[in-house]
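Peer 1: Turn this into a structure:
(2 chains, ligands or ions: 2)
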Amino acid sequence: MSAVKLEHLVKTFGDLIAVSELSLDVREGEIYGLLGPNGAGKSTTIKMIMGLLDPDSGLATVFGIDSTDNPVEVKRMVGYVPEEQQLYDSLTPRELFDFVASIRQLPSDKASKRAKEFAKALDFSQHYDKMIVTLSQGNKQKTMLIAALLHAPKLLILDEPFSGLDVRSAKIMKDIVRIHAENGGSVLLSTHVMEVAQGLCDRVGIIDEGLLIAEGTLDELRSRAHKDGATLESLFLKLTEQEEEVEEGVSVIREALAE
Amino acid sequence: MKFSECWKLAGVVARESRFQAFLEMNPSNLARIKENPEKISRSIKSSSRISYIMTSMILSMIAIIALAASAFDVSLGNPGPRLAVGFAVYLALSFVVVFFLNLTSTTGLISSGVMSLPATLPLSKADLEQLSFMTFARVFFAPVILSLTIFPIGSLIIFGPLVSLIALVACASTVSIAIGALIGISKWFHKKSHSSDESRSSAFVRIAASLGIVIGMISVYGLSSYLPGMILFITQLSSVWGETAFSILSLIFPFSYGFLAASIAFPTSSSVLLTSTIGTGFYTLIAIVAYRRSGKSLREVTISGVSTSQIISEREIAIDSTTPLRAMIRKDLKLATRNIGSAFVFAIPIFLVIMLFPMIQNWKDDAGFLRSITTLAAVEYANLFGGISLVSILMFDTQGASIHEGLPISSRLVLQSKTSIVLVPYVLSMVAIDLIVLINNPITPLILLIPIIQIPCGYIVGMAVGGTVFRMRGGGRAVAVNVASDQAMGLVSAAVGAIVGIAPLVGYGAVMLFTGMQIASLLSQAIIVAILVAVVWKYVPKLLKD
Ligand SMILES: Nc1ncnc2c1ncn2[C@@H]1O[C@H](COP(=O)(O)OP(=O)(O)O)[C@@H](O)[C@H]1O
Ligand SMILES: [Mg+2]
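Peer 2: Ligands and ions are numbered 1, 2, ... in the order given. Alright, predicted model coming up:
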């Protein structure tokens, strides 16, 4: 069974088609990268998978469970770190994790053990009793990550997971993703930073303006673009037909800065 | 920077701060809310308009009552002291109004970080201070301007230009001192509520502070009707002590201004003139200093935030898990005690008592007995307040969207937890009603059973109101509602609470009319409560969707 299966998913906001006829599979045990420029429709897609937005048409399932019909069941299985961080500012991570563990009905001893391990790995112990509002962006992200991992989910869904992290934490985040997959878990992550996908994702899907324009392993994509040895970045720009736009933009900026 | 330029810039920053405050209040279901940005800006406009109108009405009322009492109510003693005391009472109340009505927006301004953008622009320190202060002033423009105009204009008409000038100085000083105090307290509260050593004492400080603020606001609403009584009390007090009382009083804020005005309008002793002049000079000086200092300290807090120092004793990392329902309730109560606005919910029984007490006293029959109809009416008010409490509790969910989005929380669980919380003020209200009834000579002690039998109705009101709100605002999904910006939901909730809660009372009333028997009436009330509980338990969850 696929961890995530999307079939002809469509979502519009007024006139804007944010996601258009999107179909893809995230297999069990793989790390799947959803790539695309800002505004491509990555977050919208993920929100539909989580049952937070209703698709106009099409189907999203997680381990065979329909996200629209049964979002609570989907959330039970998934560990989700959204792009925007709206935590409870006036709680501490301790209070927050207590809350999360209780909602997920995890036994105290098991959850404590996991929290301890993650806090150690992410160098988070000294923030455990500070109010969340006082934490830095990166530490808020770590809080979210630990909260999402507490129940040892089979599927991790991470929306732009590396944006606020320093080098050390980004490395640990990548390792967590890798280890999670090695242990048989699946990961769906979105990013607009190509380097992130390179070397981490087993397969990537590139979307632009809501359309899936390419999918496969990195090698497959390279050969499809007839550009041997190309970096993912140049490939990405070519696929999304942004190469010329970027060059144009660069020359305009060059002029502007020269003044 | 030129004044006009700064004023315009401050308008932009103030708008942003209002927007931030709104987002902070309404971020839940962010995914969905963003689909309709026009609605957000509309509700921001309407909510700030409403708070302007509220503040303006309260201030005008106080000004009119104070002026009328001091100018025309001869039953209150000599014209001199009357003017002095009326003046002082107005100043004191306008201080309280400016202070309390703006406390939440000030705390918002401090925590939102809206000044961080202007701080990156090439503005001098003095400019930034001016900008902070003006933003602050613009956020509650209406009360400041009103307070600076209404009373001086009224004084001009009644007492002439000199008194009016003193009134202007007095009002300006009061506003300035109120703003200074406001900033100080906001800083303090921000610090207190954001330092989280988990000791019981800090929770106590937080609860006390929030309740103190709520009670302060309630007394503002109540005070205006007791104002003539207060004037009478103070004039009488001083007639016992004579001239010295006035001299001493005139050294105290805000009486100094009042006595100075009175000394000019009416012939008074030179000692009072002297002391009140000294007092006025002194407090005006303080006001000027407060104005200067406010700019500086505002700049500090709006740009770099309040340093929330806290002692962190590293405790063991562990997780203490409980049932989902208890976890939801525990979380809501924690959030409530750390937020000024949320504490309102728990003050609802107090509101109810303040409202009902005079009413119940006036409703006794000719023989001086309190009859069942009075109790029924009081309970019905509590139903209405119960509806309002539930929708206010939904405000707690305006935080933590990211957490909620990823957790398996069913709408049913949300509704259950909110209903459990609403039971607390509901039960307290019933107890309060019983106490009031008890001390007002009930015709039979059986009347006391009406509120007791009604207690399970808290569950009915909570579930019905919550189900309706979720149905109307979320299509059946649990949503956060901010009553301050969504007054329609406030009205709907009050109506639903009143309608479902009245059924058992009507049952009681009908049986009473036909049989005249207390026991039968109470029995019919109880049966209807039981039926409603079953109906709500079975059908309300069907309205919900995940
Ligand atoms: N709630 C919304 N209402 C209107 N438009 C939206 C909403 N959410 C996203 N969009 C639009 O849909 C497009 C895709 O957004 P998103 O999925 O957030 O992109 P990405 O995550 O790939 O950067 C964008 O053009 C965005 O402006
Ligand atoms: Mg996104």
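
Peer 1: Any stretches of the stretch 101-250 of chain A with poor pLDDT?
Peer 2: Counting by pLDDT under 70, the stretch 101-250 of chain A shows low-confidence ranges at A:224-235, A:238-243.

Peer 1: residues touching the residue of chain A found nearest ligand 2, list them.
Peer 2: Nearest residue of chain A to ligand 2 (C-beta to the ion) works out as A:Ser43 at 3.2 Å. Just so you know, the C-beta spots here come from the backbone N, C-alpha and C atoms, and that holds for glycine as well. A:Ser43 sits next to A:Pro82, A:Glu83, A:Asp159, A:Glu160, A:Ser190 when contact means C-beta atoms under 8 Å, 6 or more residues apart in numbering or on different chains.

Peer 1: quick one: contacts for B:Ser271?
Peer 2: By C-beta under 8 Å, 6+ apart, B:Ser271 lies in contact with B:Glu243, B:Ser247.

Peer 1: correct me, but B:Val13 touches B:Leu131?
Peer 2: Yes: here B:Val13 reaches B:Leu131: they are 7.0 Å apart, a contact under C-beta atoms under 8 Å.

Peer 1: Report the secondary structure state of A:Lys130.
Peer 2: What DSSP: H, G, I helix; E, B strand; the rest coil gives for A:Lys130 is coil.

Peer 1: Next, count neighbours for it.
Peer 2: Residues near A:Lys130, counting by other C-beta atoms under 10 Å in any protein chain shown, number 19.

Peer 1: what about residue 252, neighbour count?
Peer 2: In the absence of a named chain, chain A is used. Neighbour count for A:Val252, taken as other C-beta under 10 Å: 10.

Peer 1: was after chain B, sorry
Peer 2: Neighbour count for B:Ile252, taken as other C-beta under 10 Å: 13.

Peer 1: Hmm, B:Gly279 and it touching each other?
Peer 2: Yes: using C-beta under 8 Å, B:Ile252 is in contact with B:Gly279, at 7.1 Å.

Peer 1: More neighbours: which of B:Val13 and B:Leu131?
Peer 2: Between B:Val13 and B:Leu131, B:Leu131 has the larger neighbour count (other C-beta under 10 Å), namely 26 against 22.

Peer 1: Which pLDDT value does the model give the more buried one?
Peer 2: On pLDDT, B:Leu131 comes in at 77.

Peer 1: Test my guess that it contacts B:Leu123.
Peer 2: Yes: look at B:Leu131 against B:Leu123 with C-beta under 8 Å: they come within range, at 7.0 Å.

Peer 1: overlap in contacts of the two?
Peer 2: B:Met1.

Peer 1: Next secondary structure after the helix or strand hosting the residue of chain A closest to ligand 2?
Peer 2: Using DSSP states H and E, A:Ser43 sits within helix A:42-49. Per DSSP H and E, the first helix or strand lying C-terminal to helix A:42-49 is strand A:57-62.

Peer 1: Report the inter-axis angle for that next one versus helix A:42-49.
Peer 2: Relative orientation of strand A:57-62 and helix A:42-49, computed by axes from the mean of the first three to the mean of the last three C-alpha atoms, to 10 degrees: 80 degrees.

Peer 1: and the next helix or strand after strand A:57-62, what other elements does it pack with?
Peer 2: Using DSSP H and E, the helix or strand that directly follows strand A:57-62 along the chain is strand A:65-66. In terms of contacts (3 or more C-beta pairs under 8 Å, 6 or more residues apart in numbering or on different chains; DSSP states H and E), strand A:65-66 is packed against helix A:71-77.

Peer 1: Report all helices and strands that the helix it packs on contacts.
Peer 2: Helix A:71-77 packs on strand A:65-66, going by 3+ C-beta pairs under 8 Å, 6+ apart.

Peer 1: what does the strand it packs on rub up against?
Peer 2: Residues outside strand A:65-66 that contact it (C-beta under 8 Å, 6+ apart) are A:Leu59, A:Ala60, A:Glu73, A:Val74, A:Met77.

Peer 1: For that strand, which strands pair with it and how are they oriented?
Peer 2: According to DSSP bridges, strand A:65-66 has the following sheet partners: strand A:57-62 (antiparallel).

Peer 1: Let me have the strand it pairs with in CSV, keeping just the CA atoms, if that works.
Peer 2: The C-alpha coordinates for strand A:57-62 follow below in CSV (Å, rounded to 0.1, in the frame of the first residue of the first chain):
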residue,chain,number,x,y,z
SER,A,57,-12.3,17.2,-6.8
GLY,A,58,-10.0,14.2,-6.7
LEU,A,59,-8.9,12.0,-3.9
ALA,A,60,-6.1,12.0,-1.2
THR,A,61,-5.5,8.9,0.9
VAL,A,62,-3.0,8.1,3.6
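
Peer 1: So A:Pro37 belongs to a helix, correct?
Peer 2: No: remark: A:Pro37 does not belong to a helix; assigned using three-state DSSP, it is coil.

Peer 1: Please report phi then psi for A:Arg203.
Peer 2: Dihedral pair for A:Arg203: phi -140, psi 150, per degrees, to the nearest 10.

Peer 1: ugh, wrong one, I meant A:Ile146
Peer 2: Backbone torsions of A:Ile146, given as degrees, to the nearest 10, read phi -60, psi -40.

Peer 1: what's around B:Ala290, how many residues?
Peer 2: 22.

Peer 1: Could you verify my assumption that it touches B:Ile179?
Peer 2: Yes: B:Ala290 is in contact with B:Ile179 according to C-beta under 8 Å; the separation is 7.2 Å.

Peer 1: what does the domain assignment say about chain A?
Peer 2: A:4-216, A:218-259 (automatic domain parsing).

Peer 1: Spell out the secondary structure type for A:Val34.
Peer 2: Just so we're on the same page, residue A:34 is Leu rather than Val. strand.

Peer 1: what's the closest non-adjacent residue to it?
Peer 2: The shortest distance from A:Leu34 to any non-neighbouring residue, by C-beta to C-beta, 6 or more residues apart in numbering or on different chains, is to A:Ser190 (4.2 Å).

Peer 1: Now for the one you found, how many residues are close by?
Peer 2: Around A:Ser190 there are 25 other residues, counting by other C-beta under 10 Å.

Peer 1: ok now do it, which residues does it touch?
Peer 2: A:Ser190 is in contact with A:Gly33, A:Leu34, A:Leu35, A:Gly36, A:Lys42, A:Ser43, A:Thr45, A:Ile46, A:Glu83, A:Leu158, A:Asp159, A:Glu160, counting by C-beta under 8 Å, 6+ apart.

Peer 1: give me phi/psi at B:Leu370?
Peer 2: phi -90, psi 130.
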